[in-house]
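what would the 3D arrangement of this be:
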Amino acid sequence: MKKRWWILAGVIVMSVGLFGSCTNQPEKFRNSDTDYKVSSGGIVEMIGAYIKADRAAPAPVKPIPLRQIPAAELAAPVAESAVYRLGHSTVLIRMDDQYVLTDPVFSKRASPVQWMGPKRFHPLPIEIRDLPSIKAVVISHDHYDHLDKNSIRALKDKVEQFIVPAGVGSRLRNWGIPAEKIEELAWWESFALGSLHFTATPAQHFSGRGLTDKDSTLWASWVIEGREGRIFFSGDSGYFSGFREIGERFGPFDLTLMETGAYNKLWSSVHMMPEESVQAHIDLRGRAMLPIHNSTFDLALHDWYEPLERAQAAAKDQGVTLVTPIIGEAVRLRSPTTTKAWWKDEVRAADNLNLVTK
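Sure, this is the predicted structure:
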């Protein structure tokens, strides 16, 4: 019971932006399809769901498979663009022999404080100090599991440009990032950086890091294009009509990095179910889908491996190529291979543990 209350405390810390959604402060940005508002009763329902939750595997029973990325590998010439999943929604993209980093969170916890809140399941596959020079950091929105102050500060001197949704630049400037290193974009606006081209595209979500700043900054998905390929990065989003429009404007994509995790029917308008993530990939005209936003932090009520299980089943039903690398594994952009279901051993271990405890 004590552990459950600590988990609930962490959820409350992580959800300050959500709680702010039922206050009456002025809003600046809005979704195109569905506004996200939570009543006081809805918050009580969420807290009750967390208290009553009885899960077999909120976190891995044993260390999950992980590959440490040698710094020398990232410095060596390559014949083909690749991506490395570093954890949660942090992905290192190598395209046109340049590096792009999405939503860098290298801290131990996805939280405003490092003594409380959702704790990382696995070690980092590479430390910030071992990363090569980064052409661009791309931020989807300002929630703590996507915009991490400690990581941004540590990356300051490694990064040429921080590309962020409108309003998020003020966060970075307050943390010491020079204004000339920050590019803020509204939906459908683009920015070219060398051979790379970045476009902020719509997402159905919300923003805020406190009780009074809900929706004061924009949230976005991103189209990342280079000579060697095209990638879609979903950030956080509920399923909405915008995916089809993005696919019509920019598809097909060689790879989609799709949010697949931290979902629940209580907040389904801002976090997709795995089956919806697969459908969004289809709407986007993606060739291969890599599920992100899972297997690193406990941010919802489902078992930690459930997003991958459900995404795998939905992808099979829909004929979608699903790529599920272990953390730190390289995935080639133009010829991605479907990795084995590495989480299956954990599913069996959790099932066995559940049988014993019952």
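
how about stretch 171-183 as CSV, C-alpha atoms only?
Taking only C-alpha atoms (Å, rounded to 0.1, in the frame of the first residue of the first chain), the coordinates of stretch 171-183 have been written out as CSV:
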residue,chain,number,x,y,z
ARG,A,171,11.5,27.8,-21.4
LEU,A,172,14.8,27.2,-23.0
ARG,A,173,15.9,30.8,-22.8
ASN,A,174,15.2,30.8,-19.1
TRP,A,175,17.5,27.7,-18.8
GLY,A,176,20.4,29.5,-20.5
ILE,A,177,20.0,28.5,-24.1
PRO,A,178,21.0,31.5,-26.3
ALA,A,179,18.1,32.9,-28.3
GLU,A,180,20.0,32.5,-31.6
LYS,A,181,20.1,28.7,-31.0
ILE,A,182,16.3,28.5,-30.8
GLU,A,183,13.8,28.2,-33.6
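
which parts of it are buried?
Along stretch 171-183, these residues count as buried under the neighbour rule (16 or more other CB atoms under 10 Å): Arg171, Leu172, Ile177, Lys181, Ile182, Glu183. To be clear about C-beta, it is placed using only N, CA and C from the backbone, and glycine gets the same treatment.

same deal with stretch 130-145?
Within stretch 130-145, the residues that count as buried by 16+ other CB under 10 Å are 131, 134-145.

try stretch 108-118
The neighbour-count check on stretch 108-118 (16+ other CB under 10 Å) flags Arg109, Ala110, Ser111, Gly117, Pro118 as buried.

for the residues you listed, which one is nearest His88?
Distance to His88 across those (CB to CB) is lowest for Ala110, with 7.2 Å.

relative to Glu329, how far out is the nearest residue to the closest one once chain neighbours are set aside?
In space, and not counting its chain neighbours, Ala110 is closest to Asp145: 3.8 Å by CB to CB, 6 or more residues apart in numbering. Here Asp145 is placed at a distance of 22 Å from Glu329 (CB to CB, to the nearest Å).

then Asn294?
Counting by CB to CB, the separation of Asn294 from Glu329 is 15 Å.

neighbour count: those two, which is higher?
Asn294 (26 against 20; other CB atoms under 10 Å).

tell me the contacts of the more buried one?
Asn294 makes contact with His88, Thr260, Gly261, Ala262, Trp304, Pro307, Leu308 under the criterion CB atoms under 8 Å, 6 or more residues apart in numbering.

Val61: which of the residues you listed is nearest?
When the contacts of Asn294 are compared for distance to Val61 (CB to CB), Trp304 wins out at 9.8 Å.

would you confirm that that closest one contacts His293?
No - at 11.9 Å, Trp304 does not count as touching His293 under the criterion of CB atoms under 8 Å.

buried set for stretch 306-320?
So, applying 16+ other CB under 10 Å, buried residues of stretch 306-320: Glu306, Pro307, Leu308, Glu309, Arg310, Ala311, Gln312, Ala314, Ala315, Val320.

just send those back as a markdown table, with secondary structure too.
A markdown table is the format used below for the buried residues of stretch 306-320 (DSSP: H, G, I helix; E, B strand; the rest coil):
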| residue | secondary structure |
| --- | --- |
| Glu306 | helix |
| Pro307 | helix |
| Leu308 | helix |
| Glu309 | helix |
| Arg310 | helix |
| Ala311 | helix |
| Gln312 | helix |
| Ala314 | helix |
| Ala315 | helix |
| Val320 | coil |
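
out of the residues you listed, which is nearest to Gly286?
For these, the residue nearest Gly286 by CB to CB is Val320; the value is 8.0 Å.

gap between the closest one and Ala311?
As judged by CB to CB, Val320 and Ala311 stand 9 Å apart.

what's the answer for Leu172, then?
In this structure, Leu172 and Ala311 are 32 Å apart, going by CB to CB.

now the most centrally placed residue in the chain. Its backbone dihedrals?
Nearest to the centroid of the C-alpha atoms of the chain, with distances taken as CA atoms, centre = their mean, sits Ser89, at 2.9 Å. Here is the backbone geometry of Ser89 (degrees, to the nearest 10): phi -110, psi 10.

show me where the stretch 51-200 of the chain has strands.
Counting by DSSP state E, counting those that start in this stretch, the segments of the stretch 51-200 of the chain that form strands are 82-87, 90-95, 98-102, 134-138, 159-165, 182-185, 190-193, 196-201.
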